[in-house]
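**Q** when you get a sec, could you give me coordinates for this:
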Amino acid sequence: SMLDSAGVLAIVLPEVQQRRAEHFHEALIASRVKLDSAVVDSVYQAGELRLIRHILLRTEPAMAPPARAAKLREAEAIRARLRAGGSWAEANRKSQDPRAQPNGGSVGVVARGDLMAPVEKVAFGLEPGGLSDIVESPLGYHVVNRPRLKDTRAEFTVGVEDRMVDQLDSAYLGSLPAR
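**A** Sure thing, here's the model as predicted:
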């Protein structure tokens, strides 16, 4: 009954506690995770975190060799257009990565261990503004790009902040049993 205050409190209290915890968490994170321009520059220059974009042309393990060769030629043509000054947005329309393609080909801010080995090796070898050769992975053929900071500062900053929030959350949750 809505007239039973103890019953209403028992139903509403968990929701109130959850909202208070979320408010506390947001206030804690907001006070600890704000990167100024100098810190963002430093993190970018250190190179341990990278903002990576890619174009993926998917292949399947059972794909016939002529079909696989056609995908490779298509990837080479995309790379050649990009090297000649072509538009990344136009190249991205050909990408077959359903998660990255809507984000302009961005896979976000990554650290070592976040990507498949062949893509990671190339991604962490690229200089700012660099474009890779064709990279083959179990998913298909990739053209990988490491954008310059001046072109992606906002996205890089948000990605680094998100990674910091994840680390703070993990540390906080890990310390709860000891408390």
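**Q** pLDDT wise, what is the residue nearest in space to the middle of the chain at?
**A** In the chain, the residue lying closest to the centroid (C-alpha atoms, centre = their mean) is Gly108, at 2.2 Å. Gly108 carries a pLDDT value of 94.
**Q** let's verify it: helix, strand, or coil?
**A** strand (DSSP: H, G, I helix; E, B strand; the rest coil).
**Q** now do it against Gln17, distance only.
**A** Distance, Gly108 to Gln17, by C-beta to C-beta, to the nearest Å: 33 Å. Placement of C-beta: from N, CA and C, glycine included.
**Q** so, low pLDDT: which residues of this structure?
**A** Residue ranges of the chain with pLDDT under 70: 1-2, 25, 27-33, 168-176, 178-179.
**Q** mind listing what the longest strand along it pairs with, with the direction of each?
**A** The residue-count maximum for a strand in the chain (DSSP state E) belongs to strand 49-58. In the sheet, strand 49-58 lines up against strand 106-111 (antiparallel), strand 140-145 (antiparallel) (DSSP bridges).
**Q** mind listing what's buried along that strand?
**A** Leu49, Arg50, Leu51, Ile52, Arg53, His54, Ile55, Leu56, Leu57 (16 or more other C-beta atoms under 10 Å).
**Q** distance to Val43 for the residues you listed - can I get that in TSV?
**A** TSV is the format used below for these (distance: C-beta to C-beta, whole Å):
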residue	distance to Val43
Leu49	6
Arg50	10
Leu51	10
Ile52	15
Arg53	18
His54	21
Ile55	26
Leu56	26
Leu57	31
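**Q** which one of those is nearest to Val160?
**A** Leu49 (6.0 Å; C-beta to C-beta).
**Q** was I right about that closest one contacting Asp162?
**A** No - using C-beta atoms under 8 Å, Leu49 makes no contact with Asp162, being 10.7 Å away.
**Q** okay, and the common contacts of those two?
**A** Val109 (C-beta atoms under 8 Å, 6 or more residues apart in numbering).
**Q** burial count for Ser37?
**A** Neighbour count for Ser37, taken as other C-beta atoms under 10 Å: 9.
**Q** so how far is Gln45 from it?
**A** On the measure of C-beta to C-beta, Ser37 and Gln45 end up 12 Å apart.
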